[in-house]
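structure for the following, please:
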Amino acid sequence: RRRRLHAAHERRRAGPSIAVRGHLVLRVVAQRVLVALLGDDALHAAGRYGCRVTTTTISPSQYELARERVRAAGLENRVTVLREDYRDLAGTYDKLVSIEMIEAIGHRQFEEFFRRSAARLAPGGRMLLQSITIADHGYARARDEVDFIKRYIFPGCCIPSVTVLAQAMTGSSRLRIENL
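The predicted structure is shown next:
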């Protein structure tokens, strides 16, 4: 089951936008709000909408593939590819977008994820988090056991519940849920 969890920083302001997808950062121009995915969607945002896109990954193979796709699309002037962990990013951004990345970091990192995200948001910045979620009543069991998804689909992952995400977010940052 997929849900979109939108979080917004308490203050708002106009200006250029940036979106983050765990290992992806997008600079969005002209106040366009984009839900970005690694790969073709980042190229689409840069090519069609003129966005300045910076992608970042810790995977050497994803890094090389992303660089090759940018070159092939002729978007080197719009897309920058970094090989850097999202936790090491600097600066502040008006928009953060995380698409199905939080499942990969594990439950012990949920609060750190929101703390780092909030620290990267400029005053008035907004964040969109899209995650696969599990029902609250099944979360503890799924977190602690190796099930089909952990074994075959996303090894080592932790599928969160909406409640667990909300608690991690509000317990570690000034972010708040705006829309669910």
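
what's the first helix or strand after the top strand by length along the chain?
If you go by DSSP state E, the chain has its longest strand at strand 121-132. Heading C-terminal from strand 121-132, the first helix or strand you meet, by DSSP states H and E, is helix 136-144.

how about that next one as PDB, C-alpha atoms only?
Once non-C-alpha atoms are left out, helix 136-144 reads as follows in PDB (Å, rounded to 0.1, in the frame of the first residue of the first chain):
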ATOM      1  CA  ASP A 136       0.200  -0.100  12.400                       C
ATOM      2  CA  HIS A 137      -0.800  -3.400  13.900                       C
ATOM      3  CA  GLY A 138       1.700  -5.300  11.800                       C
ATOM      4  CA  TYR A 139       4.600  -2.900  12.100                       C
ATOM      5  CA  ALA A 140       6.500  -4.400  15.100                       C
ATOM      6  CA  ARG A 141       6.400  -7.900  13.700                       C
ATOM      7  CA  ALA A 142       7.500  -6.800  10.300                       C
ATOM      8  CA  ARG A 143      10.300  -4.700  11.700                       C
ATOM      9  CA  ASP A 144      11.700  -7.500  13.800                       C
END
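
okay, and residue 165 sits in which element?
Assigned by DSSP H and E, residue 165 falls in helix 162-172.

whoops, I mixed them up, residue 84
Per DSSP H and E, there is no helix or strand for residue 84.

would you mark the buried spots in stretch 51-68?
51-57, 62-63, 66-67 (16 or more other CB atoms under 10 Å). Backbone N, C-alpha and C define where each C-beta goes, glycine included.
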